[in-house]
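In: pasting a predicted model and its sequence here:
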Amino acid sequence: MKNKSFIGYAVLFAFLALFPITNDPRWLTVVTTFCIYSVVALSLDIVLGRAGMFDMGHALFFGMGAYITAIMNVHFGLNILTALPLVIIIPALFAIVLSTPIVHLRGDYLLVATIGMNIVFEQALKNDLLGLTGGPNGIFGLDATVFGFYLDDGITIYYIAFFLLLLTLLLIRNLEKSKVGRALHYVQEDPIAAESLGISTRFYRVFSFALGAALAGLAGFVFSIQYAAVSPEAFNFMTSVIFFAIVLVGGKASIPGILAGTFIMFVLPEIFREFATARYFVFGLAMVVSMVLRPEGMLPAKYGKLPKYVTED
Amino acid sequence: MDIFLQQVVNGLIIGSIYALVALGYTMVYGVMKLINFAHGDLVALSAYIGLMFYTQLIGLGVLPQPLVVVSVFVLTAIVAAAVALLVERVAYRPLRNAPRLSAVVSALGASMMIQNGIMLIWGPNITIFPSDILPAVSWTIYGITITFVQAAMIIITLVLMISLTLFINYTKMGTAIRASAINQDVAKLMGINVNMIIMIIFIVGAVLGSVGGLFIGMYYRGISFNLGWVYGLNAFIAAILGGIGNIPGSMVGGYMLGLFTALIAGYVSSSWAEAFTFILLILILIVRPTGILGERVAEKV
Amino acid sequence: MGLLELKGVTKVFGGVVAMDKLSFKVDEGDIYGIIGPNGAGKTTAFNCITGIYKPEEGEIIWKGENIAGMHPCDIAGKGIVRTFQNIRLFGKMSVAENIISGRHQKSKQTWFQGLFSTPFYKKDEKENWLKVKDIMKLMGLTEYATIPTQSLAYGIQRRVEIGRALATEPELLILDEPAAGLNEKETFELMELIKRIKDSGITILLIEHDMDMVMQLVNKITVINFGKKISEGDPDFIQNDPVVIEAYLGSAEDEEDE
């Protein structure tokens, strides 16, 4: 079992590492976006899949990372790399402030509260908040030159996105095997039992938002470089719905599930491009059908993986 | 003062629409504990279907105008109810015992299908309702102007809501609905056909929503395929404000939200109206997590 | 001064007084029993002590500190841990993963160390898993280590829940009807287990319906009826107290779960 998943990841990483030799610019863009969206979906999964918080506004944190980059670069003329610490810290701080008063809400109320936050964010972008967010057209003309290198060159940005995906996968694998990762699951499955064992539900719920926001912010950083522009539509409520669906269609708390979900929702539509106008109709159909057929997702999470020294004598 | 009163009237009009649509959410939530995301899109679909019936019936030229309008309402309600039953059967019923979130995603999927189905059939641009469906009469009282459409909307909404209240509180079926909302398993044991109850609430919700959809078309005249999300979200907020699952609460919530949005649009800014609505919602949820009229539930350990 | 002392603790639900000025004192080394007819408010008492309910009145003194109204996780952090009447395990997870949840407070790794897999994380992780391994051995659960708890028999689930509580290294273990649903052999094993736990230096507070078991195990009993204490004393005294006999005879009809 362990070998099978090892081979799976090895094949996937080898494929992604060698993909640029196909020299197909359109598909290079698609796969770059796949890597970035996978990171966003994995970051949402920390909140939704692992901590069980119904977060339907995650595009907010993704967008925050992208806009911070664009604002610092275009408005303040700073080098793109100076945004790097901020795209992690600011979304995480916002997540802490925004989620603290609402994490105790019952599932559906939390869902609506997070939708609300996403919509407030979107309106702030569209209304050119403080003259910084650029209104409905967003901000364009990012300068992604670092020491004479162009980060927004197709192959460069591809490898940046690929590296980000690898980093995210590594962090989440570590999270899964740590005290904190397990605590998220306890808090999700039975908050009362978790509390009675000394696990603070409030702390871990807020933590899941902060960590998810930090990773999504980082993904937003790379996304803004890829397109050298940011606009409100990329981070609206609809985007959050799609990420929400990816997590559930793929399988909560399941890394292969999230990757498969992102592939189905983002890469498959690119293959059937001639049906582009029907794209969201097909998304909807796919969401209904996959939930009816596999309510737990395509590749549900598995538990019971223990370190060797526990199971062996 | 005039602006204030005029905005109050506007608030009552938009509040009527929110209240009608909110009832569909709240009844389904009450019995199934599911946010029926497709409900808003059903409202949008009703507007398109209604316009289609209207054009066809006028084209026939057989019926007098008032009868055409009544027929449009009836036919649209029938189609809306049929679509709602279809959605329930295909997207919700198979997931009744599945994890909550799976049903949420299925509901979102159904919503996207209806919304984009409308776009594929009628196109992505705004469709215009004719202006002469209802008489262009208006009255001015104390400096406030009320048009025929507005008066009709307020009156019809009140009549529908009173009927619904009577139905829920004083009929056998209404009692069965209330019982199912409290505890489905016990309701089943008492011989209530819960499947049937669920179908009925979907029908009632769709009928009220279809009236809301037609009102949107007749009053605002321009309809677009994604209006379901705009009105749906607001109506859903109205339902939560009133305490979701609580029928009178949804009515009150609808009017409250209507007044709130109208006053914000009148005095602050319409481009921030949605943001203000959601900020209000979030603040209310923080202070009273189960809505203004919602019950407080303690979890049993 | 006792280890745990309740002073006039009152809990009201929607106007109904579920617990009325309850007072009792548990000393270190006790196996303390709380008994009473169904719906008498025993579990309510436990929920107040562990912070799940916030009492309206009264004090709950733990080692000289009033813990009434604190968050459950903070109370657990002070060394008070419980099991539940209807077993609350993390059903999708394996036995070992359930038991390590009890190590949460004792394990000192931070989220940052976990995310970046630092050497300290590895050391801490290993220490705690080995503790879990010991507990599984002690509780006879080793063979089920990787099995999801939701697919295990009731009696085994009980043991997992107690094992999980022991993993926290508590000073006071609160058991809410630990013998409910167990057969005779399992009940006997449970009694042996409780004695061993007590011998290892853990104080025990117990709600139980099985009278034989209570009388054999505990050294002191409080009897509750309608949320009020009606009697208190050692098992001999309680068995012969007319007030207690009256309370039980009066409600002998409904000897089911609360």
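Out: Structure's in. What do you need? Numbers count the residues shown, from 1 in each chain, chains lettered A, B, ... in the order given.
In: per-residue pLDDT, B:Leu34?
Out: Predicted confidence (pLDDT) for B:Leu34: 88.
In: what helix or strand is the residue nearest to it when sequence neighbours are not counted located in?
Out: Nearest residue to B:Leu34, sequence neighbours excluded (C-beta to C-beta, 6 or more residues apart in numbering or on different chains): B:Ala103, at 5.3 Å. C-beta here means a position set from N, CA and C on the backbone, and glycine is covered the same way. In the assignment (DSSP states H and E), B:Ala103 maps to helix B:100-122.
In: now that helix: buried residues?
Out: Going by neighbour count (16 or more other C-beta atoms under 10 Å in any protein chain shown), the buried part of helix B:100-122 is B:101-119, B:122.
In: stretch C:220-228 now?
Out: For stretch C:220-228, by 16+ other C-beta under 10 Å, it's C:Lys220, C:Ile221, C:Thr222, C:Val223, C:Ile224, C:Asn225, C:Gly227.
In: out of those, which are inside strands?
Out: Among those, DSSP state E puts C:Lys220, C:Ile221, C:Thr222, C:Val223, C:Ile224, C:Asn225 in strands.
In: in contact with the closest residue to the third one other than its chain neighbours, which residues?
Out: It refers to C:Thr222. Excluding the flanking residues, the one nearest C:Thr222 by C-beta to C-beta, 6+ apart is C:Phe24, at 4.5 Å. C:Phe24 is in contact with C:Glu5, C:Leu6, C:Tyr32, C:Ile34, C:Thr222, C:Lys229, C:Glu232, counting by C-beta atoms under 8 Å, 6 or more residues apart in numbering or on different chains.
In: so how many other residues sit close to residue 184?
Out: No chain was given, so I picked chain A. Using other C-beta atoms under 10 Å in any protein chain shown, A:Leu184 has 27 neighbouring residues.
In: chain B was what I was after
Out: B:Gln184, neighbours per other C-beta under 10 Å, totals 18.
In: quick one: it and B:Asn195 touch, right?
Out: No: using C-beta atoms under 8 Å, B:Gln184 is not in contact with B:Asn195, being 10.6 Å away.
In: and the next helix or strand past the helix or strand A:Tyr186 falls within?
Out: Using DSSP H and E, A:Tyr186 sits in helix A:179-189. Sequence order places helix A:191-196 as the next helix or strand after helix A:179-189, per DSSP H and E.
In: what packs against that next one?
Out: Judged by 3 or more C-beta pairs under 8 Å, 6 or more residues apart in numbering or on different chains; DSSP states H and E, the packing partners of helix A:191-196 are helix A:179-189, helix A:201-227, helix C:72-77.
In: and if we set it to 7 Å?
Out: helix A:201-227, helix C:72-77 (3 or more C-beta pairs under 7 Å, 6 or more residues apart in numbering or on different chains; DSSP states H and E).
In: just for the chain, where's the confidence low?
Out: Since no chain was named, I'll use chain A. Within chain A, the segments meeting pLDDT under 70 span A:1-2, A:151-152, A:313.
In: could you do chain C instead?
Out: C:1, C:249-258.
In: so which residues on it come close to chain A?
Out: Counting by C-beta under 7 Å from any C-beta of the partner chain, the positions of chain C adjacent to chain A are C:50, C:52, C:72-73, C:76-77, C:81-82, C:88, C:90-94, C:96-97, C:100-102, C:104-105, C:107, C:109, C:111, C:114-117, C:121, C:126, C:129, C:132-133, C:145-146, C:148, C:164, C:168.
In: for the stretch 151-300 of chain B, which spans come out with low pLDDT?
Out: Along the stretch 151-300 of chain B, segments meeting pLDDT under 70 span B:290-300.
In: ok now stretch C:211-219, how far from the chain's centre?
Out: 16 Å (C-alpha atoms, centre = their mean, to the nearest Å).
In: tell me the contacts of C:Ile230?
Out: Applying C-beta atoms under 7 Å, 6 or more residues apart in numbering or on different chains, we find C:Ile230 in contact with C:Val223, C:Ile224, C:Val243, C:Val244, C:Ala247.
In: 6 Å - rerun?
Out: C:Val223, C:Val243, C:Ala247 (C-beta atoms under 6 Å, 6 or more residues apart in numbering or on different chains).
In: ditto for C:Val81
Out: So C:Val81 contacts C:Ala165, C:Thr168, C:Pro170 (C-beta under 6 Å, 6+ apart).
In: quick one: C:Ser231 is in a strand?
Out: Yes: counting by DSSP: H, G, I helix; E, B strand; the rest coil, C:Ser231 is found in a strand.
In: distance to B:Asn169 for the ones in strands among the buried residues of stretch C:220-228 - can I get that in a markdown table?
Out: Listed next are those as a markdown table, based on distance: C-beta to C-beta, whole Å:
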| residue | distance to B:Asn169 |
| --- | --- |
| C:Lys220 | 55 |
| C:Ile221 | 51 |
| C:Thr222 | 48 |
| C:Val223 | 46 |
| C:Ile224 | 41 |
| C:Asn225 | 40 |
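In: give me the nearest residue to whichever residue of the stretch 51-200 of chain C sits closest to chain A, chain neighbours excluded.
Out: Nearest residue of the stretch 51-200 of chain C to chain A, counting by C-beta to the nearest C-beta: C:Gly114, 2.8 Å away. Excluding its sequence neighbours, the residue lying closest to C:Gly114 (C-beta to C-beta, 6+ apart) is A:Ser178, at 2.8 Å.
In: and the one you found, how far from C:Thr146?
Out: 19 Å (C-beta to C-beta, to the nearest Å).
In: these two - which one has more neighbours?
Out: Counted by other C-beta under 10 Å, A:Ser178 and C:Thr146 do not tie: A:Ser178 has more neighbours, with 24 against 15.
In: could I get the phi/psi values of that one?
Out: Dihedral angles of A:Ser178 (phi, psi; degrees, to the nearest 10) stand at phi -120, psi 170.
In: burial of the nearest residue to A:Ala228 once chain neighbours are set aside, as a residue count?
Out: Among residues not flanking A:Ala228 along the chain, A:Leu142 sits closest, at 4.5 Å (C-beta to C-beta, 6+ apart). A:Leu142 is flanked by 23 other residues according to other C-beta under 10 Å.
In: just confirm A:Leu142 is within a helix.
Out: No: according to three-state DSSP, A:Leu142 belongs to no helix; its state is coil.
In: verify the stated contact: it with A:His75.
Out: No: contact criterion C-beta atoms under 6 Å: A:Leu142 and A:His75 do not qualify, at 10.9 Å.
In: flag every buried residue along stretch A:194-213.
Out: Using 16+ other C-beta under 10 Å as the burial criterion, the residues of stretch A:194-213 that qualify are A:194-202, A:204-213.
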